[in-house]
Structures are given as C-alpha cells and as structure tokens.
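Undergrad: Got a sequence here, can you model it:
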Amino acid sequence: MLDAAAIGDGIFQIPVPMSHNPLGTTLVYAMESPGGIVLVDAGWDGDEGWEGLTSGLESVGHSISEVEGVVLTHFHPDHTGLCGRVREASGAWIAMHADDMDMFGKMSSPHDEVWLADQQVNLTRAGATKADLEAFAAVANGKAPAGPESTPDRILADDEVIALAGRGLRVVFTPGHTPGHACFYLEDADVMFTGDHVLQKTTPHVGNFVYPLEERDALAEFLDSLRRVQTMDITRGLGAHGIPIDDVAGRAGELIEHHEERLEHLYAAFGDDQITVWEVAQRMKWYRPWTDFHPMAKGMALSEAAAHLRHLVAREQVAQVPGSEPALFARR
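TA: Predicted coordinates:
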C-alpha cells in the first residue's frame, strides 16, 4: 500500500483504498489553492476510503476541512464516490465536464427492478443466452455505487483554468473512457493528471451501450483524445491508478497501436460468419478465456466489444444484417 506523500511540484498524492476492487486504490491528488486545497478526484465511497483520504491529507499537513474544490476526471464511482462527504465536511464545490452529468445521474440512482429489466433487455438483444441472463441477474447489485449527495455543482469546460495558489490547472477534454472524461494540465510543472485516459500499465476500458449501436463512437473519441494528448508533448503524467507515466505521448501512442491491433484481430475473427454482439465479445481477444469471466465482467467486456464493433461499422468494414433480431453483423 502506498503512503500519502509530497511528490514534487507542490503536488500531494493520496492513495484512497478500495479493497473490493482489483485496482486496489484510486490516486487522489491535492494542490494548494487560494481558498485551501483542490483535489483531483475523490475516491470510492465507504469508511475505508474516507479514512484513507482524511488520514492521507493529515499526513501531508492538510485536513479535509481545507478542501476548496474537487475537479473530477469522470463520473465513475471510484472517482466521485466520496464527493458528498468531502462537500459536507468542507463546503467544497464539485466540478465535472457537462458530458458526464447524465451518466452520473443514472449511476447515482438506485439500480432497482426497472434497471435490471433494462439490462436484461439489452443483453437479450445482444444475443446473450438464457444461462448468461440468469447468471447476470443472480449477481446484479441494486445499490447505487455513488449517491446523489455527490452530484457536481460546477460544470467544467475544455481549456478552462482552475485557480490554484499562484498558478492554474487547465482542463483538457478527453472523451472516450467516458463521454465527459477530462484530464488536467498543471502548466507551470508540465504535468498532466490523466485520470483513466492514459495509464502506464493498464489499458483503459472504452465501451458503448450495446443495442442499438448508439451514435456515439466511443473508440473514435478515445483515439482522437489520445492523439490530442500526443500533440501536447507532455512528459510526466499522473494517472488515477498505478505508477507515474514517464512519457505521456509515447504511452498514448502505445494505446492507439493496441486498439488498432484489436480492431484488426476482431475483423479477422468474423470470418464469413454473421454474428451477434454477444458473439463479437466472445471472439474478441481478451487477457483470459471468455468462459472464465464473472457475469458482471462479461457485461463490461460486452460494452468494450460493442465499442470496437461500432468503430468497424463507422469504418465501413462491418455492417448490420438488415432485419436481424438479435442484430447480426458481418464483414462487408
């Protein structure tokens, strides 16, 4: 477990634990601001995370009551969950890009029977088997992972500058991992807080909702955002998980190459077949066999597969078979 520490350039790194998650921690960053300190992300909600955040700040000479604001890289609960507690303790503002607000609202609503029914319809239309539907229903959790008390009250815009103590933190809009993902560039130190957009050892998840294949081409957004970060020629990156990034542009290039390879592999995996989105996910190249995936992990993998399929459709390499239900897709 990492300890909270001053890591140079006036940046404090606070590891906020989430022992239930394979990632282990969310790395929250703190910097002095005119009204106290500003945090980049907040961590997963729960007593374990709250203790990690508050004690971590105290160990570097600050307290939770000093938090003036929280800038969020995106809506996922390991980044937003503790925002409500932070605001209650300090009166802080919470800021996020507008394009993630709708998804935050859906995530922070209870996952009730209506939510489960919608998920089942989505999986059925993707071509999931009855056994897969039953397995998903058996493990689906109805508790919202971040409550409405964490709802942001400030909207961030691309290129906006957040005031810090004697310097600024620039918003860099980087959609892909989520519709409203943002990185934050500390210009005087040439450091970028990359959230989940660029990570040194992990390939960020990029997913689309499955059916119908939505207009949003999440993978295209992600690739474009990686290219944008490449052109900024930033060396040092600090992600929300894992080790620091020693060459942001180089790592962005590796992620682009990785997804191009996955697209090539998926296109070849179609062969001459007409297959459902579920079968697309089964044929994708994963780090372990599809049959070993937990039912909830299959849902995440399905959205990743749908994003790659959507991009192949956009490139006119694959097309939907007219009138098919569940929808079938084939190479052109």
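
Undergrad: rest of the way, CA atoms for contacts and neighbours
TA: Fine.

Undergrad: how about the helix or strand hosting Met31: buried residues?
TA: Per DSSP states H and E: Met31 is located in strand 24-33. Buried residues in strand 24-33, counted by 16 or more other C-alpha atoms under 10 Å: Thr25, Thr26, Leu27, Val28, Tyr29, Ala30, Met31, Glu32, Ser33.

Undergrad: With stretch 246-261 instead?
TA: Under the neighbour-count rule (16+ other C-alpha under 10 Å), stretch 246-261 has Asp247, Val248, Ala249, Arg251, Ala252, Gly253, Leu255, Ile256, His259 buried.

Undergrad: closest to Gly52 among those?
TA: Comparing the buried residues of stretch 246-261 against Gly52 with C-alpha to C-alpha places Val248 closest, at 27.8 Å.

Undergrad: tally of neighbours for the residue nearest to Val313 when sequence neighbours are not counted?
TA: In space, Val313 comes closest to Ala319 once its chain neighbours are excluded; the distance is 5.7 Å by C-alpha to C-alpha, 6 or more residues apart in numbering. Other residues within reach of Ala319, judged by other C-alpha atoms under 10 Å, total 18.

Undergrad: Give me the contacts around the strand holding Met31.
TA: Counting contacts by C-alpha atoms under 8 Å, 6 or more residues apart in numbering, the residues outside strand 24-33 that touch it are 10-19, 37-44, 68, 78-79, 163-166, 239-241.

Undergrad: Please repeat the previous calculation with a cut-off of 6 Å.
TA: Contacts of strand 24-33 from elsewhere in the structure, counted by C-alpha atoms under 6 Å, 6 or more residues apart in numbering, are 11-18, 37-43, 164-165, 240-241.

Undergrad: average pLDDT for it?
TA: Averaging the model's pLDDT scores along strand 24-33 yields 96.

Undergrad: pLDDT (mean, whole number) over stretch 173-182?
TA: Within the predicted structure, the mean pLDDT of stretch 173-182 is 96.

Undergrad: right, I mislabeled it, should have said stretch 231-243
TA: Mean pLDDT, stretch 231-243: 94.

Undergrad: buried set for it?
TA: Residues of stretch 231-243 classed as buried: Ile234, Thr235, Arg236, Gly237, Leu238, Gly239, Ala240, His241, Gly242 (neighbour count, 16+ other C-alpha under 10 Å).

Undergrad: again with stretch 291-300
TA: For stretch 291-300, a neighbour-count test (16+ other C-alpha under 10 Å) marks Pro295, Lys298, Gly299, Met300 as buried.

Undergrad: now that stretch: how far from the chain's centre is it?
TA: Distance of stretch 291-300 from the chain centroid (C-alpha atoms, centre = their mean, to the nearest Å) equals 18 Å.

Undergrad: Quick one: end-to-end distance for it.
TA: 14 Å (C-alpha to C-alpha, to the nearest Å).

Undergrad: coming back round to it: can you select the buried ones among the contacts of strand 24-33 for me in PyMOL?
TA: Isolation of the buried members of the contacts of strand 24-33 (16+ other C-alpha under 10 Å) is achieved in PyMOL through the command below:
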select buried, resi 11+12+13+14+15+16+17+18+37+38+39+40+41+42+43+164+240+241
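
Undergrad: Just the contacts of strand 24-33: which are in strands?
TA: Those of the contacts of strand 24-33 mapping onto strands are Phe12, Gln13, Ile14, Pro15, Val16, Pro17, Met18, Ile37, Val38, Leu39, Val40, per DSSP state E.

Undergrad: Let me have those residues in TSV, extended by pLDDT and distance to Met103.
TA: Written out in TSV, the entries for the ones in strands among the contacts of strand 24-33 read as follows (pLDDT from 0 to 100; distance: C-alpha to C-alpha, whole Å):
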residue	pLDDT	distance to Met103
Phe12	98	29
Gln13	98	27
Ile14	98	26
Pro15	97	25
Val16	97	23
Pro17	95	24
Met18	92	22
Ile37	98	27
Val38	98	24
Leu39	98	21
Val40	98	19
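
Undergrad: Could you give the number of residues near Glu221?
TA: Residues contacting Glu221 under the criterion other C-alpha under 10 Å number 18.

Undergrad: How are the helices of the stretch 1-150 of the chain distributed by residue range?
TA: When secondary structure is read from DSSP state H, counting those that start in this stretch, the stretch 1-150 of the chain shows helices at 47-59, 77-80, 83-90, 101-107, 113-126, 130-139.

Undergrad: ok, of those helices, where does mean pLDDT dip lowest?
TA: The stretch with the lowest average pLDDT out of the helices of the stretch 1-150 of the chain is helix 113-126, scoring a mean of 80.

Undergrad: Next, the buried residues of that one.
TA: Judged by neighbour count (16+ other C-alpha under 10 Å), helix 113-126 contains these buried residues: Leu116, Gln119, Gln120, Asn122, Leu123, Thr124, Arg125, Ala126.
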